[in-house]
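Asks: predicted model follows, preceded by the sequence.
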Amino acid sequence: MKRRNPYKRIRIGSIVRSEVIKDNEDRWRLMTPGGSFIFRVWIMGIVTERYTGENSYVGLKVEDGSGGIIVKTWDGRLDHFNKWDKIEVLGQIQISERDEEIDVFFTPDIIKVIPDDNWFLVHQLKIIQQRKQSSSIEVKSATVGGVELGIASIEDLKIKLKEAIKNYDTGTGVSYDQLIKAFPNIEEVQIDEAITELLESGEFFEPKAGIYSSAVDS
């Protein structure tokens with residue numbers, strides 16, 4: 001099974017400018033100025049500060065020219081990263097409240113040193129590409145097997161993905177590959193974008209990596 005990365009490439013400044021709110025289930029969420037939630041993100045930057053504390057706590061302040069965010073772990077995974085390292089981090093936004101103070105930070109699922117500065121340029125180009133693709137769907141063909149797709153936007157695609165989950169899920173979820181095969185005339189990167197938005201909105205969840213189920217009762 002092909003595994004996907006349900007992470008959205010983003011400039012750190014976009015995280016910094018986002019608003020901390022509570023959703024309908026009283027959970028802290030981070031909402032961009034454009035009104036979308038962000039949870040799983042992919043950043044690149046330079047370590048400008050390093051913090052250590054009790055219980056194997058390590059924090060790294062990572063900046064990319066647009067802003068800075070703290071990456072934290074308590075499991076030793078950040079021990080070999082140092083100030084001025086150029087790093088790539090795929091992980092999850094965390095929000096905590098203590099003494100009426102809201103703390104927004106980042107916990108890594110994948111973190112590594114960037115071997116070549118050109119990857120920063122690639123990252124920025126991918127962000128631009130992602131923005132363009134999120135506004136409209138480029139359908140290679142209007143029909144598949146004589147059936148009209150009826151897909152012209154990310155919102156349309158999200159509706160179709162929810163229908164596909166409902167049709168294909170027998171109780172164990174639906175694989176990423178199944179969803180890709182269900183929409184052969186849609187670019188894979190746009191399916192990724194729609195799945196990511198459904199995960200971030202809480203409408204989809206992953207019982208296992210690369211397996212998706214509906215979090216909303218039909």
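Replies: Structure received.
Asks: where do the strands sit along the protein?
Replies: Counting by DSSP state E, the segments of the chain that form strands are 8-9, 19-22, 28-31, 37-38, 40-52, 58-63, 68-73, 86-98, 101-113, 143-144, 147-148, 174-175, 204-208, 211-214.
Asks: quick one: neighbours of residue 202, just the number.
Replies: 16 (other C-beta atoms under 10 Å). Glycine gets a C-beta too; all of them are placed from N, C-alpha and C.
Asks: ramachandran angles for it?
Replies: Note on residue 202: backbone dihedrals following degrees, to the nearest 10 are phi 90, psi 0.
Asks: before we move on, back to that, the strands of the chain: which one's closest to residue 191?
Replies: Residue 191 sits nearest to strand 211-214 of all the strands of the chain, at 11.2 Å, using C-beta to C-beta.
Asks: what's in contact with the closest one?
Replies: 162, 165-166, 169, 172-176, 179, 195, 198-199, 203-207 (C-beta atoms under 8 Å, 6 or more residues apart in numbering).
Asks: would you map out the domains in this protein?
Replies: Structurally, the chain divides into domains by automatic domain parsing as follows: 8-135, 143-214.
Asks: any of the contacts of strand 211-214 buried? List them.
Replies: The neighbour count (16 or more other C-beta atoms under 10 Å) marks 162, 165, 169, 173-176, 179, 195, 198-199, 204 as buried among these.
Asks: including distance to residue 50 and pLDDT, could those go into JSON lines?
Replies: Shown next, in JSON lines, are these (distance: C-beta to C-beta, whole Å; pLDDT from 0 to 100):
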{"residue": "162", "distance to residue 50": "43", "pLDDT": "91"}
{"residue": "165", "distance to residue 50": "43", "pLDDT": "91"}
{"residue": "169", "distance to residue 50": "45", "pLDDT": "90"}
{"residue": "173", "distance to residue 50": "40", "pLDDT": "90"}
{"residue": "174", "distance to residue 50": "42", "pLDDT": "90"}
{"residue": "175", "distance to residue 50": "40", "pLDDT": "87"}
{"residue": "176", "distance to residue 50": "36", "pLDDT": "83"}
{"residue": "179", "distance to residue 50": "40", "pLDDT": "87"}
{"residue": "195", "distance to residue 50": "35", "pLDDT": "82"}
{"residue": "198", "distance to residue 50": "36", "pLDDT": "82"}
{"residue": "199", "distance to residue 50": "31", "pLDDT": "77"}
{"residue": "204", "distance to residue 50": "36", "pLDDT": "85"}
